[in-house]
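Engineer: Any chance you can model this:
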Amino acid sequence: MSVSVKRLCHIGFHVPERQQLAKDLIQKFGFELFAARVTAWSKQLALRRGAAVFVVNEKLKPIRGEVPPMFSSGPCNDHGILYDVDLQYKVSTASNICFEMEDVPGISRSLQDQGCQVLIPPTNVADEGGCVTYAVVRSIVGNISHTLLDRSRYSGPFLPGFCGIEGASKDFKRAREVTHFDHITYACPPGSSQAVLNWYKNCFGFQRFFVHQQDAAEGYKIQGAGMGLRLTAMHCNGSGLNQLDHDCKLVLAESLPQQRKNQVDTFLEQHGGAGIQHVALHTTDIIRTAAAMAKSGANFVEPPLTYYSESGRVNEIQQVGQDPHLLEHYGILLDSEVAREGGNTGLGLCSKQYLMQIFTKPLFVEDTFFLELIERCGAVGFGEKNIRALWRAVQNYMDK
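Structural biologist: All right, here's what the predicted structure looks like:
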């Protein structure tokens, strides 16, 4: 029996001391540091943009005789990592996805009965803002873990043990173009997608989400011109959500056999196994968002040289009211699809729906984790032309 996920709370990283991730997220990508927990042995920084929240976990190495700063509040004086496993991984990694839900003890027992490995049993943490209960379970995918969190009894800035940062906005979901996490993509070994789908369905109630109209039971295959990719997706429209765009989508990417080495294989090799390859940030204005990030120093992969000159491309972009020269200037890709207004009745007018996307270059030294910007204008899936172009763009960057 699967459990009920209310919403996606945050995504957690584990990085070495003095790694630049938190600084880059703030300075280049417009995230705001709004809560922090620093002890003698660890530093945890909570950063947000809209409802998209990252937690950067960093282990500290105190210098002999030096007293490290303490920003841990109240009774939460444990020097270790809270709300996540104390992951000792050889490279920087995005490895934790936190789900909000009720009855964490009951859910943990249920998952354990289904064979899930509970890494941290149900634990209560409290400070002056109230109390939360959390547990951590291991995913079937690589080094990924899931924190199960009930914070319905908490009114503090983030979580017990974290101190709010002076000057940070109190509106947790204020509108600032980037609104939420659109999807999370896993890089998986060949042939593993079905087992992953079954695990998330049985444990968390996720359902198949078809990424394309040609998506088959075994996933959507993209082949040709050196490409061999299978994409399979699932989503969980949590009980705490009332808009489809804000559900939690997980996308599984695996390379097809007998193809040349590609970006998924590179991830598996440099990351040391399966894991989170990229996170997509939903924006209401991708041009403005990408322009601001680029001006602040963010680096984006360049589209294939022929992308904007392909037959019908300019017309496709103009038909939906976008400026092809502006998109080309920022390297933004557009893919349109035809959908019928009026539901599934077969009646009504055809309307153009489209999405726009752009990928950043990897955020770490390794060619592993990167970010995506995506703006959806009625489109809920993932366009085939964009998938091919984005794949080639990332592959061209990694081949250099």
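
Engineer: Now for the residue most central in space within the chain, which secondary structure element holds it?
Structural biologist: Centroid check for the chain by Cα atoms, centre = their mean gives Val279 as the closest residue, at 3.0 Å. According to DSSP states H and E, Val279 maps onto strand 275-283.

Engineer: Each with direction, which strands does that strand pair with?
Structural biologist: strand 178-187 (antiparallel), strand 370-377 (parallel) (DSSP bridges).

Engineer: contacts for it?
Structural biologist: Around strand 275-283, the neighbours that count as contacts under Cβ atoms under 8 Å, 6 or more residues apart in numbering are 11, 49, 52, 93-95, 97, 141-144, 177-187, 245, 253, 264, 267, 289, 357, 359, 368-376. C-betas here are computed from N, CA, C, even on glycine.

Engineer: Those, buried ones only, as a PyMOL selection?
Structural biologist: Buried residues among these (16 or more other Cβ atoms under 10 Å), as a PyMOL selection:
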select buried, resi 11+49+52+93+94+95+97+141+142+143+144+177+178+179+180+181+182+183+184+185+186+187+253+264+267+289+357+359+368+369+370+371+372+373+374+375+376
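
Engineer: neighbours around Gln223, how many?
Structural biologist: 11 (other Cβ atoms under 10 Å).

Engineer: Distance check, the nearest residue to it once chain neighbours are set aside against Tyr186.
Structural biologist: In space, and not counting its chain neighbours, Gln223 is closest to Leu256: 6.7 Å by Cβ to Cβ, 6 or more residues apart in numbering. Distance, Leu256 to Tyr186, by Cβ to Cβ, to the nearest Å: 16 Å.

Engineer: re earlier: could you pull up the residues touching the residue nearest to Gln223?
Structural biologist: Pro190, Lys221, Gln223, Gly228, Leu229, Arg230.

Engineer: what's the neighbour count on the closest residue to Phe99 other than its chain neighbours?
Structural biologist: What sits nearest to Phe99 in space, not counting adjacent residues and going by Cβ to Cβ, 6+ apart, is Val5, at 4.7 Å. Neighbour count of Val5, defined by other Cβ under 10 Å: 26.

Engineer: So Val5 is in contact with Tyr200, correct?
Structural biologist: No: Val5 is beyond contact range of Tyr200, at 10.0 Å (criterion: Cβ atoms under 8 Å).

Engineer: and for those two, which residues touch both?
Structural biologist: Cys236.

Engineer: out of all of them, which helix in this protein is the longest?
Structural biologist: helix 384-399 (DSSP state H).

Engineer: quick revisit: the residue nearest to Gln223 and Lys221, how far apart?
Structural biologist: Taking Cβ to Cβ, one finds Leu256 at 7 Å from Lys221.

Engineer: Show me whatever sits in contact with both of the two.
Structural biologist: Common neighbours of Leu256 and Lys221 (Cβ under 8 Å, 6+ apart) are Leu229, Arg230.

Engineer: Look at Ser72 and report its pLDDT.
Structural biologist: In this model, Ser72 is scored at 45, pLDDT.

Engineer: Same question for Thr39.
Structural biologist: The per-residue pLDDT reported for Thr39 equals 88.

Engineer: again, but for Cys248
Structural biologist: Looking at Cys248, its pLDDT reads 77.

Engineer: That one - how many residues pack around it?
Structural biologist: 22.

Engineer: Quick check: bridge partners of it?
Structural biologist: Taking DSSP bridges as the rule, Cys248 bridges to Cys236.

Engineer: isn't it right up against His235?
Structural biologist: Yes: using Cβ under 8 Å, Cys248 makes contact with His235 at a distance of 6.2 Å.

Engineer: Name the residues that touch the helix or strand containing Leu111?
Structural biologist: Using DSSP H and E, Leu111 falls within helix 104-113. Residues from elsewhere that reach helix 104-113, judged by Cβ under 8 Å, 6+ apart: 1, 3, 101, 118, 121-122, 133-135, 137, 148-150, 203.

Engineer: Just the buried residues of that helix, please?
Structural biologist: Val104, Ile107, Ser108, Leu111.

Engineer: Could you pull up the mean pLDDT of it?
Structural biologist: For helix 104-113, mean pLDDT rounds to 95.

Engineer: got it, and stretch 55-64?
Structural biologist: In this model, stretch 55-64 carries a mean pLDDT of 81.
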